[in-house]
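> turn this into a model:
(one chain, ligands or ions: 1)
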Amino acid sequence: MSDLRFFVTAPIPDPGLPLLRAAGSVHLPDAPPDAATLRAACESGDYDVIVAQVRDPFDADLLRAAKIRGISNFAVGYDNIDVAAATANAVMVGNTPDVLTGATADIAMLLMLAVGRRAVAADTFVRTRHFSGWRSDMFLGQDISGRTLGLAGFGRIGRATARRALGFDMEVLFCPRPPGDRPVPDEELGAFAGRVRHVDWAELVASSDYLSLHVPLKDETHHLVNADVLQAMKPTAVLINTARGPVVDEDALVAALASDEIAGAGLDVYENEPRLAAGLAELPNTVLLPHIGSATVSVRAAMARLCAENAIAMARGDVPPHPVNPEAWRP
Ligand code: DGY
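Numbering: from 1, shown residues only. Reported below is the predicted structural model:
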């Protein structure tokens, strides 16, 4: 057994822990660490790599004092880590891209369908024994087919959502880097060329029946959807967020939903997760999921494998297979 040392902040599925245990020693606390405990673990010099989750914050202060080689995030997103500070302090960061793309796009579609067709309220109606026979005016929803889907962001998950939406006969618009823009040549669009339309952020907001967010959380995307954006959306529009909660001003969203400024929202992520903005849970025109975009058995297993492989490589002093900041590597 080698002397690689891992601090795993919360259990990860198989084959993650067995791979780590085969490579070295694993410390798995009984409960996920609070900020002070995480900081103490990073500073202790007892661990080579922290195997972290999206709720574990690594700020510049912690990273300056950290005596670790790397952080292996059990997620594709890494907004919980100050990557610039990690790089400055020679702390490598690994993530788990690609394996969760399809599953997350599936959840975006599920939320569109569930909000548009009022699936959760209809399910509750049946379970509570209110269904007493077919009626022509029962649970009338909004179409998905033939409606316009606006994709904020056109990376891996945005494109996978576009593929699915085209199969539902939706018209697909995209803005690649909202609230700004960048040119997207046809060669980059590949098979999407001629099937999806590039528009600017203002047009995307104003034209979408379903506005679905697929951007990373950064300074530029924090509160990308704010009160002004919500006001500029169609009153019949539905907002879908499977990206990161703080991309949406959640208080503004509650106000917009409560005043019928927009028709509905399907959310898998929240601004102050796991806390919900006041009033959100009481709104009938929402479907709220507990951050399950990547939650399938096979996807979580694939994430666990990548996460462990990243962690083992970093603990050995190598660049991980999926590096976020390869420039942090020091020979
Ligand atoms: C991710 O991978 O970034 C998800 O949001 C958490 O699993």
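> what about whichever residue of the stretch 151-300 of the chain sits closest to the ligand, distance to residue 319?
Nearest residue of the stretch 151-300 of the chain to the ligand, counting by Cβ to the nearest ligand atom: residue 294, 4.4 Å away. No exception for glycine: its C-beta is placed from N, CA and C like everyone else's. Applying Cβ to Cβ, to the nearest Å, one obtains 24 Å for the distance of residue 294 from residue 319.
> kindly report the same for residue 112.
Relative to residue 319, and taking Cβ to Cβ, residue 112 is found at 38 Å.
> quick one, which of these two is more surrounded?
For residue 112 versus residue 319, neighbours defined as other Cβ atoms under 10 Å are more numerous around residue 112 (27 against 17).
> can you tell me the helix or strand for that one?
Assigned by DSSP states H and E, residue 112 belongs to helix 101-116.
> hey, C-alpha coordinates of that helix in CSV?
C-alpha atoms of helix 101-116 as CSV (Å, rounded to 0.1, in the frame of the first residue of the first chain):
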residue,chain,number,x,y,z
THR,A,101,-24.2,15.7,-19.7
GLY,A,102,-27.1,13.5,-20.9
ALA,A,103,-28.6,13.0,-17.5
THR,A,104,-28.6,16.7,-16.8
ALA,A,105,-30.2,17.5,-20.1
ASP,A,106,-32.8,14.8,-19.4
ILE,A,107,-33.7,16.7,-16.2
ALA,A,108,-34.0,20.0,-18.1
MET,A,109,-36.5,18.3,-20.4
LEU,A,110,-38.3,16.7,-17.5
LEU,A,111,-38.7,20.1,-15.8
MET,A,112,-40.0,21.6,-19.1
LEU,A,113,-42.5,18.8,-19.5
ALA,A,114,-43.5,18.7,-15.8
VAL,A,115,-44.1,22.5,-15.5
GLY,A,116,-45.7,22.8,-19.0
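> do it and the ligand meet?
No. Judged by Cβ under 6 Å from any ligand atom, helix 101-116 stays clear of the ligand, getting no closer than 7.4 Å.
> get me the contact residues on the stretch 51-200 of the chain for the ligand.
Residues of the stretch 51-200 of the chain lying near the ligand (Cβ under 6 Å from any ligand atom): 54, 75-77, 100.
> go through those and flag which are in helices.
Among those, none falls in helices (DSSP state H).
> tell me the most packed of these, by neighbour count.
In these, the most neighbours by other Cβ under 10 Å go to residue 100, 25 neighbours.
> what about the residue nearest to that residue when sequence neighbours are not counted, distance to residue 21?
Closest residue in space to residue 100, ignoring its immediate chain neighbours: residue 294 at 3.7 Å, by Cβ to Cβ, 6 or more residues apart in numbering. Counting by Cβ to Cβ, the gap from residue 294 to residue 21 is 23 Å.
> the more surrounded of the two?
residue 294 (23 against 15).
> for that one, report the pLDDT, please.
Per-residue confidence for residue 294 comes out at a pLDDT of 98.
> which residues touch it?
75-76, 100, 103-104, 300, 303 (Cβ atoms under 8 Å, 6 or more residues apart in numbering).
> ok, of those, which one's closest to residue 239?
Taking Cβ to Cβ as the measure, residue 239 lies nearest residue 104 of the contacts of residue 294, at 16.4 Å.
> doesn't residue 240 make contact with that closest one?
No. Taking Cβ atoms under 8 Å as the definition, residue 104 is not a contact partner of residue 240, at 11.3 Å.
> which of the two has more neighbours?
The neighbour comparison of residue 104 against residue 240 (other Cβ under 10 Å) goes to residue 240, with 31 against 22.
> for that one, grab phi and psi.
Main-chain dihedrals, residue 240, degrees, to the nearest 10: phi -120, psi 130.
> center of the chain - which residue?
By Cα atoms, centre = their mean, the chain has its centre lying nearest to residue 243, at 3.4 Å.
> what's the nearest residue to it if we skip its chain neighbours?
Once flanking residues are discounted, residue 243 sits nearest to residue 213: 4.5 Å by Cβ to Cβ, 6+ apart.
> the one you found touches residue 154, doesn't it?
No. Using Cβ under 8 Å, residue 213 is not in contact with residue 154, being 11.7 Å away.
> show me the shaky parts of the stretch 1-150 of the chain.
For the stretch 1-150 of the chain, residues meeting the criterion pLDDT under 70 lie at 1-2.
> what about the strands in it?
Assigned by DSSP state E, counting those that start in this stretch, the stretch 1-150 of the chain shows strands spanning 4-8, 24-27, 49-52, 70-73, 92-94, 148-152.
> make TSV out of these and add mean neighbour count.
Below are the strands of the stretch 1-150 of the chain laid out as TSV (neighbours: other Cβ atoms under 10 Å):
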stretch	mean neighbour count
strand 4-8	23
strand 24-27	18
strand 49-52	28
strand 70-73	31
strand 92-94	28
strand 148-152	27
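> how about TSV for the ones you listed, with distance to residue 127 added?
What follows is the strands of the stretch 1-150 of the chain, written out as TSV (distance: least, Cβ to Cβ, whole Å):
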stretch	distance to residue 127
strand 4-8	39
strand 24-27	42
strand 49-52	38
strand 70-73	38
strand 92-94	43
strand 148-152	30
